[in-house]
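>>> Kindly generate the corresponding structure for this input.
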Amino acid sequence: MSTVTIGVHYMSTYKFNTYLTKRNGIYYFQKRVPQDVRSHYHSHSIACSLRTRSHSSAQKAAMLLVSQLEDYWMSLRIGQLADLHCSKMKTYPVPSSSGVNFVDAKNLYLKLKVHGKPDTFLTATERNAHYLIEAVGNKDLGGYKPSDGGLFRDWLINKGLASSSVKRVFSTVRAIMNLAISEHGLDIRSPFNSVYFPELDDVNERHPVPLNDLRAVQKLCKQYDDEMRWLLAIISDTGLRLAEAAGLLVDDICLESDTPHINLKPNSCRRLKTKHSARSVPLVGVALWAAYQLKAQSESGYAFPRYIKEGKCNSNSASAGLNKWVKEVASLSFTVHSFRHSMRDRLRAIQCPADIVDAIGGWTAGSIGEKYGNGYELDVLHEWMTKMALAR
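The predicted structure follows:
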């Protein structure tokens, strides 16, 4: 969705002055309702189709709508002033008290949700809750105003967070508040449920690893021939997620089978991302070489003990070290996760069926029919992965 900014001179004090969006070639108008007249509306914003594909026509329509809305809102304000004059006293809505503040809500959320979750869940929850408290305060849940949602959004953007990160923070805050409201039976509407997020072109896309870089990195992995490079080699020719590979047990690597493979499953040191992530992945190319190397030299039940601390897989440590090394030896900038993106491209290049690609990578199947049955035999997956590993 592209966004066109219409500058209106008498609206220059507004921080966000974007009224037009374009979807499927049609221009739409959207504008937030000012706080002081919001009680006259069921929504915090006004949105409508301008029914035109012409930028100049949309611009004129937007400027006319802004003018008419400002006139109407001014009439509402005058009416409100008249009401106040007649009553001879100013009255302000008193925030309702629930007896539960946001820290209480956060603690309840963790108490009910943290069981079985990875450490990153606790860390992200604490961090995102701290953001809200720093931005608008640790208030009683009934004391948060409708405007606090927009204030919090702006605070996060000004802090330098990308729009995708802002939305993830809001997702946590909404979940915390909504759970507390439900558990305590509160008659409160969270101000963080319907916040508008401007479309910002600030997302850095992950790109796959070019084949020449992939081959060069794999060659260097064999030259270094150590635990760190074995991990990267396995990822490069299996498409495993970093945490999936770093948290492998030695017994998960089955080299005695007719089809050497990794039996990927949850264990005590790390969970899997989704239920579809549990799978058998054939070992081919440098992944097979690395599997033989670590099996022969293993002195622990863990395939990569350097990344296991106190019985937990520290994939962040693995990520930092591998990304730094890849950046030094590759011609382009990419991350370890880029090898997983490359797996899909490499399988597409040999015209591998999409459902087999999903089975190899542990991606969610695309259709209902694909969820029936026991899936593909290991030798079928091995055939396609062998073609991929040999492709140039």
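>>> What ranges does this protein have for its strands?
Assigned by DSSP state E, the chain shows strands spanning 2-4, 20-23, 26-32, 45-49, 253-254, 261-264, 279-282, 308-309, 312-313.
>>> quick one: which of those strands is nearest Gly160?
Closest to Gly160 of those, according to Cβ to Cβ: strand 2-4, at 20.0 Å. The C-beta positions use only the backbone N, C-alpha and C, and glycine is treated the same way.
>>> pLDDT on the closest one, on average?
Average pLDDT, strand 2-4: 40.
>>> what's the answer for stretch 240-250, then?
93.
>>> tell me how far that stretch is from the chain's mean position?
Relative to its chain's centre, stretch 240-250 lies at 21 Å (Cα atoms, centre = their mean, to the nearest Å).
>>> Please apply the same query to stretch 140-152.
Counting by Cα atoms, centre = their mean, stretch 140-152 comes out at 24 Å from the chain centroid.
>>> I'd like to know how far the closest residue to Tyr109 other than its chain neighbours sits from Val114.
Sequence neighbours aside, Ile176 is the residue nearest to Tyr109 in space, at 4.5 Å (criterion: Cβ to Cβ, 6 or more residues apart in numbering). Using Cβ to Cβ, to the nearest Å, Ile176 is found at 12 Å from Val114.
>>> still on that earlier bit, between the strands of the chain, which gets nearest to Pro198?
Closest approach to Pro198 among the strands of the chain (Cβ to Cβ): strand 2-4, 7.3 Å.
>>> re earlier: and the residue nearest to Tyr109, what does it touch?
Phe102, Ala105, Lys106, Tyr109, Thr125, Ala129 (Cβ atoms under 8 Å, 6 or more residues apart in numbering).
>>> Same check on Lys167?
Contacts for Lys167 (Cβ under 8 Å, 6+ apart) come out as Phe197.
>>> Use 29 as the first number from now on
Taking 29 as the first residue, the last one we looked at is Lys195.
>>> Can you lay out the strands of the chain as JSON lines showing mean neighbour count and distance to Val164?
Converted to JSON lines, those look like this (neighbours: other Cβ atoms under 10 Å; distance: least, Cβ to Cβ, whole Å):
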{"stretch": "strand 30-32", "mean neighbour count": "12", "distance to Val164": "26"}
{"stretch": "strand 48-51", "mean neighbour count": "16", "distance to Val164": "27"}
{"stretch": "strand 54-60", "mean neighbour count": "18", "distance to Val164": "18"}
{"stretch": "strand 73-77", "mean neighbour count": "12", "distance to Val164": "20"}
{"stretch": "strand 281-282", "mean neighbour count": "19", "distance to Val164": "50"}
{"stretch": "strand 289-292", "mean neighbour count": "22", "distance to Val164": "43"}
{"stretch": "strand 307-310", "mean neighbour count": "23", "distance to Val164": "44"}
{"stretch": "strand 336-337", "mean neighbour count": "16", "distance to Val164": "36"}
{"stretch": "strand 340-341", "mean neighbour count": "20", "distance to Val164": "34"}
